[in-house]
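Student: Requesting a structural model of the entry that follows:
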Amino acid sequence: MPDTPPDAERRQFLKSALCVAAGGAAVVPPLVAGVAVVLDPLRRGAATGAAPVKVTTLAALPPDGPPRKFPIIAARRDAWTGQPAAPVGAVYLRRTGEREIAALNVVCPHAGCFVDWQAGPKRFFCPCHNSSFTVEGAVGEATSPSPRAMDALEVEIREDGEVWVKFQNFLRGVREKIPA
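Tutor: Down below sits the predicted model:
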């Protein structure tokens, strides 16, 4: 038999229980907040589709001129991070009418290399695997390894002559044009 009175044991138990309760109360709020921060992007869901990005003006594209390459600068946001005004890709723009613009993604649909414009033969050419494309972006030669034409993008010309492009990337190496 211990020689401590029963009241002392009860007091020790109450002290221990109070310490555990206070410690738990101090740990639970930061733990709940941390879990909420980690799961917040999943709760919000991913952004769907691409928003149009201002690229240039109509005045910068001469009528019947060759395609011109323009960088796409846009804010990016994935589930957890945001990046303001960073390069996200590039497009070739070509004026096809008074207020009509054709836009092509500069990435080759075969393996993802950047396609170059060759003024002499008036074609797009991918230096990685010798894919070639017409000025409209169609596959140029039957021996071209590209499974499809260059990826055309939606273009919007606003009232003040600004050219906006709905930029997006597509899966490479497949015949279908599937957004990535």
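
Student: Does the most centrally placed residue in the chain belong to a helix, a strand or coil?
Tutor: Nearest residue to the geometric centre of the chain (CA atoms, centre = their mean): R76, 6.3 Å. Following DSSP: H, G, I helix; E, B strand; the rest coil, we place R76 in the strand state.

Student: Now for it: which residues touch it?
Tutor: R76 makes contacts with G82, Q83, A86, V88, as judged by CB atoms under 8 Å, 6 or more residues apart in numbering. Any C-beta I mention is one placed from the backbone N, CA and C, and that applies to glycine too.

Student: One more: L61?
Tutor: The contact partners of L61, taken as CB under 8 Å, 6+ apart, are R68, L93, R94, R95, I101, V163.

Student: List the contacts of stretch 168-180.
Tutor: Residues contacting stretch 168-180 (CB under 8 Å, 6+ apart): 49-50, 89, 105, 107-112, 147-148, 151, 153.

Student: re the thing from before, closest one to V37 out of the contacts of R76, please.
Tutor: G82 (14.5 Å; CB to CB).

Student: in the strand of greatest length in the chain, what's buried?
Tutor: Looking across the chain with DSSP state E, the single longest strand is strand 82-97. Neighbour-count burial for strand 82-97 flags V88, G89, A90, V91, Y92, L93, R94, R95 (criterion: 16 or more other CB atoms under 10 Å).

Student: Apart from its chain neighbours, what residue comes closest to the fourth one?
Tutor: Meaning V91. A103 (5.0 Å; CB to CB, 6 or more residues apart in numbering).

Student: didn't that neighbour look like it was pressed against E156?
Tutor: No. At 10.0 Å, A103 does not count as touching E156 under the criterion of CB atoms under 8 Å.

Student: hey, which helix or strand in the protein has the poorest pLDDT?
Tutor: When each helix and strand of the chain is scored by mean pLDDT, DSSP states H and E, helix 6-44 comes last, with a mean of 83.

Student: hey, C-alpha coordinates of stretch 161-171 in PDB?
Tutor: Taking Å, rounded to 0.1, in the frame of the first residue of the first chain, the C-alpha atoms of stretch 161-171 are listed here in PDB:
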ATOM      1  CA  GLY A 161      -7.800  46.500 -82.700                       C
ATOM      2  CA  GLU A 162      -6.300  44.400 -79.900                       C
ATOM      3  CA  VAL A 163      -5.600  40.700 -80.800                       C
ATOM      4  CA  TRP A 164      -6.500  38.300 -78.000                       C
ATOM      5  CA  VAL A 165      -5.700  34.600 -78.200                       C
ATOM      6  CA  LYS A 166      -7.100  31.800 -76.200                       C
ATOM      7  CA  PHE A 167      -3.800  30.100 -75.600                       C
ATOM      8  CA  GLN A 168      -3.600  26.400 -74.600                       C
ATOM      9  CA  ASN A 169      -1.300  23.500 -75.100                       C
ATOM     10  CA  PHE A 170      -2.300  20.100 -76.500                       C
ATOM     11  CA  LEU A 171      -1.100  16.500 -76.000                       C
END
